[in-house]
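S.K.: here is my input, please return the structure:
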Amino acid sequence: MKRRQQVHPTAYYLGRACRDNSQSRDAQPYGWMTVNCGWWLAGWHDRDMELSA
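M.R.: The predicted structure follows:
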């Protein structure tokens, strides 16, 4: 079985993992208004939508 490739930056997957662990959006480790912050929040929100569906 092939391993799934990560197509997004690492910050995206960290955001997904934090949502899985029931952490708040305020737990993001990056400075506000940075690219990594945006990717982290995108991952958090994507996982949140998957869990609520």
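S.K.: okay, CA-based contacts and neighbour counts for the rest of this
M.R.: Noted.
S.K.: which residue ranges form the helices in the protein?
M.R.: With DSSP state H applied, the chain shows helices at 10-20, 35-52, listed in chain order.
S.K.: in the protein, where is pLDDT below threshold?
M.R.: 1-3 (pLDDT under 70).
S.K.: residue nearest the centroid of it?
M.R.: Centroid-nearest residue in the chain, with C-alpha atoms, centre = their mean: G15, separated by 2.2 Å.
S.K.: touching, that one and W40? I think so.
M.R.: Yes - contact criterion C-alpha atoms under 8 Å: G15 and W40 qualify, at 4.5 Å.
S.K.: name the residues contacting each of the two.
M.R.: Q28 (C-alpha atoms under 8 Å, 6 or more residues apart in numbering).
S.K.: one step back: how far away is the residue nearest to the centre of the chain from E50?
M.R.: Going from G15 to E50 by C-alpha to C-alpha, to the nearest Å gives 13 Å.
S.K.: same question, M33
M.R.: 25 Å.
S.K.: cool, and W44?
M.R.: Between W44 and E50 the computed distance is 10 Å (C-alpha to C-alpha).
S.K.: more neighbours, those two?
M.R.: Ranked by neighbour count (other C-alpha atoms under 10 Å), W44 and E50 place W44 first, with 25 against 8.
S.K.: for the more buried one, list the residues it contacts.
M.R.: Y12, G15, R16, A17, C18, R19, R25.
S.K.: could you dump those residues to CSV with distance to Q6?
M.R.: Below are those laid out as CSV (distance: C-alpha to C-alpha, whole Å):
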residue, distance to Q6
Y12, 10
G15, 14
R16, 13
A17, 14
C18, 17
R19, 18
R25, 22
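S.K.: nearest to Q5 among the residues you listed?
M.R.: Of all these, Q5 sits closest to Y12, with 13.4 Å by C-alpha to C-alpha.
S.K.: wait, that closest one touches V35, no?
M.R.: No - in this structure, Y12 is not within contact of V35 by C-alpha under 8 Å, at 10.5 Å.
S.K.: and those two? Which one has more around it.
M.R.: Counted by other C-alpha under 10 Å, Y12 and V35 do not tie: Y12 has more neighbours, with 22 against 11.
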